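Undergrad: Sequence first, then the predicted structure:
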Amino acid sequence: MYLTPEEEKMLKGEFGLGVQKAMEILCAIGDIYDAKRLIPIKSAQVSGASYKTIGDAGIDFIRDFSNKCKVSVLTTLNPLGMDVESWREHGISEKFAKKQIEILDSYVKMGIEPTATCTPYFVGNLPSLGEHIAWGESSAVSYSNSVLGARTNREGGPSALASAIVGKTPEYGLHIDENRRAGLVIEVDFENMLDNKKSDDRLILDFATLGAFVGKIVGNKIPYFRGIKGEKEVLKDNLKSLGAAMAASGAVALYHVEGVTPEYKNAIVDKVEKIHVGKEELEKTREKLNTYNTDNGKHGKPELITLGCPHCSIQELRLIADTLTKLGKHRKRDKEVELWVCTARQLKNIAHEEVKIISRYGKVVCDTCMVVAPIEEKYKITGTNSAKAACYLPGLCSQKVVYNDTKSLLDMLFV
Ligand code: F3S
């Protein structure tokens, strides 16, 4: 990989040991992927922030960097293993909390914004069309590439951090025009399969299920969806769920939606294979993601219902608050079932009315989520409307999963 004279100096250690180490990481990646050069980035999103997922080795790695250097571009942080304000209420141990705070402090010492969310685009890290960025967190990568039209590869924690420090990333993969073209057309029968007359909460589930199905079949191709429509803000939340699911069941980092996403016009090339996805595929995928059959409550309920994977937008908080208000009017709360609604702290701080309503029935949880918090220490059966969470909860949190739409899940909070 070609290095400028300044980059050569960085690699030789003339900008300090931390920058040198970061350059070594970027050069190794650049060589593996045959990148020609490094290109400047506008921002970074660093994943690998939960003590549960990175452990003591991760703490040492981050502490070492924090003692040596700072980031040089806007850098936001992925969710931690706990809500930093109410971890005691969630049964987190003192030992876990101490380690988690140490990780957070190290990141902050480097100049990273302690956003602790997987939706950095809701809290000030909003890249524009065509901007190069280096983001970790597969759902945020998918959203930024596809919905915003920014350009990032699917970075790991160390490579995103190295890019944040150097302010550059190797130019390969999704940073290059030709690599952003579609490889498979997915024809969606939107009117019948994803019935746009259905309620918004039901649509979120259908988009997530569609994503879980497509992620499995698409391999390393970029999917191009035909037939998806919707009202702008609702559609954005649905695409957030679709992309997160494809990134979890497969490794999709970019997709296009005809007439909707910013790059769809240049995405299609001749002779791209087409497949039609129907109701049957969706139903089968949904059955697979649902590993605990409650039989409408006859066989028990989840102990914990979690919404907000990826973290809820303001519109989603409003939808949840409205649904709870309607359901809770004449019914008693079932104290055996807990509710977590995960969102970014910055959104919690402005959505006063929604937070007030949701807090009557459950917890608005920030800085963390149902997958990266150690929920397995307290719960065995979890309800979710997220296909990404449904993919990860069995393996990473030893959970049985009730996979259903928002309203059906919230209904289980009441007797
Ligand atoms: Fe975000 Fe956690 Fe889901 S990091 S995308 S809420 S698994």
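TA: Now that the structure is in, tell me what you want to look at. Numbering: from 1, shown residues only.
Undergrad: And for G308, nearest residue in space, chain neighbours not counted?
TA: C342 (3.3 Å; CB to CB, 6 or more residues apart in numbering). The way it works is simple: take the backbone N, C-alpha and C, and place the C-beta from them, glycine included.
Undergrad: any idea how far that neighbour lies from the ligand?
TA: Between C342 and the ligand the computed distance is 6 Å (CB to the nearest ligand atom, to the nearest Å).
Undergrad: burial measure for the closest residue to E89 other than its chain neighbours, as a count.
TA: Closest residue to E89 apart from its sequence neighbours, by CB to CB, 6+ apart: K363 at 7.4 Å. Using other CB atoms under 10 Å, K363 is surrounded by 16 other residues.
Undergrad: Pretty sure K363 sits against S86.
TA: Yes: at 7.4 Å, K363 counts as touching S86 under the criterion of CB atoms under 8 Å.
Undergrad: and the residue of the stretch 201-350 of the chain at minimum distance from the ligand, what is it in contact with?
TA: In the stretch 201-350 of the chain, the residue that lies nearest the ligand is C309 (3.3 Å; CB to the nearest ligand atom). Counting by CB atoms under 8 Å, 6 or more residues apart in numbering, C309 makes contact with A244, C342, C369, M370, V371, T384, S386, K388, A389.
Undergrad: Sort out for me which of these are in helices.
TA: A244, K388, A389 (DSSP state H).
Undergrad: From G55, how far off is G48?
TA: Computed as CB to CB, to the nearest Å, the G48 to G55 distance reads 10 Å.
Undergrad: residue contacts, the residue of the stretch 101-250 of the chain found nearest the ligand?
TA: Proximity of the stretch 101-250 of the chain to the ligand (CB to the nearest ligand atom) peaks at C118, 3.1 Å away. Contact partners of C118, counting by CB under 8 Å, 6+ apart, are N78, P79, E137, S139, A140, P310, H311, C369.
Undergrad: what kind of secondary structure is it in?
TA: Secondary structure assignment for C118 (DSSP: H, G, I helix; E, B strand; the rest coil): coil.
Undergrad: Could I get the pLDDT score of it?
TA: In the prediction, the pLDDT value recorded for C118 is 98.
Undergrad: returning to what we had before: so what's the residue count around the residue nearest to G308?
TA: So C342, with other CB under 10 Å, has 29 neighbours.
Undergrad: circling back: out of G48 and G55, which sits in the busier spot?
TA: G48 (20 against 11).
Undergrad: pLDDT at the more buried one, what is it?
TA: 95.
Undergrad: before we move on, what about D295?
TA: 73.
Undergrad: what's the burial count for it?
TA: Applying other CB under 10 Å, we find 7 residues neighbouring D295.
Undergrad: Ok, A97 next?
TA: 16.
Undergrad: Tell me which residues touch it, please.
TA: M82, W87, R88.
Undergrad: Of the residues you listed, which is the nearest to the ligand?
TA: Nearest to the ligand among the contacts of A97 is M82, at 12.7 Å by CB to the nearest ligand atom.
Undergrad: tell me the SS of the closest one?
TA: coil.
Undergrad: Tell me the spatial nearest neighbour of it, not counting adjacent residues.
TA: I92 (4.7 Å).
Undergrad: What strand or helix carries the residue of the stretch 201-350 of the chain closest to the ligand?
TA: Using DSSP states H and E, C309 sits in strand 304-312.
Undergrad: where does this protein have low pLDDT?
TA: 194-198, 296-297 (pLDDT under 70).
Undergrad: and stretch 387-402, how far from the chain's centre?
TA: In this view, stretch 387-402 has its centroid 15 Å away from the chain centroid, taken as CA atoms, centre = their mean, to the nearest Å.
Undergrad: Output that stretch as CSV, nothing but the C-alphas.
TA: Presented in CSV, the C-alpha positions along stretch 387-402 are these (Å, rounded to 0.1, in the frame of the first residue of the first chain):
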residue,chain,number,x,y,z
ALA,A,387,-34.6,-10.6,14.0
LYS,A,388,-31.0,-9.6,14.9
ALA,A,389,-31.7,-10.1,18.6
ALA,A,390,-33.5,-13.3,17.8
CYS,A,391,-30.4,-14.6,15.9
TYR,A,392,-28.0,-13.7,18.8
LEU,A,393,-30.0,-14.3,22.0
PRO,A,394,-29.8,-18.1,21.9
GLY,A,395,-26.0,-18.3,21.4
LEU,A,396,-24.7,-15.2,23.2
CYS,A,397,-27.2,-15.1,26.0
SER,A,398,-28.5,-18.7,26.3
GLN,A,399,-32.1,-17.5,25.8
LYS,A,400,-35.1,-19.1,24.4
VAL,A,401,-36.7,-16.5,22.1
VAL,A,402,-40.3,-15.4,21.7
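Undergrad: Compute the number of surrounding residues for the closest residue to T285 other than its chain neighbours.
TA: With CB to CB, 6+ apart as the criterion, T285 has its nearest non-adjacent residue at 4.3 Å, and that residue is F213. By other CB under 10 Å, the residues close to F213 number 24.
Undergrad: check contacts around F213.
TA: With CB under 8 Å, 6+ apart as the criterion, the residues that contact F213 are S249, V277, E281, L282, T285.
Undergrad: How about S43?
TA: Going by CB under 8 Å, 6+ apart, S43 touches V73, L74, T75, T76, P120, N125, P127, I133, A134, W135.
Undergrad: what's across from the second one in the sheet?
TA: Beta-bridge partners of L74, counted by DSSP bridges, are S43.
Undergrad: quick one: it and V269, what's the gap?
TA: Taking CB to CB, one finds L74 at 34 Å from V269.
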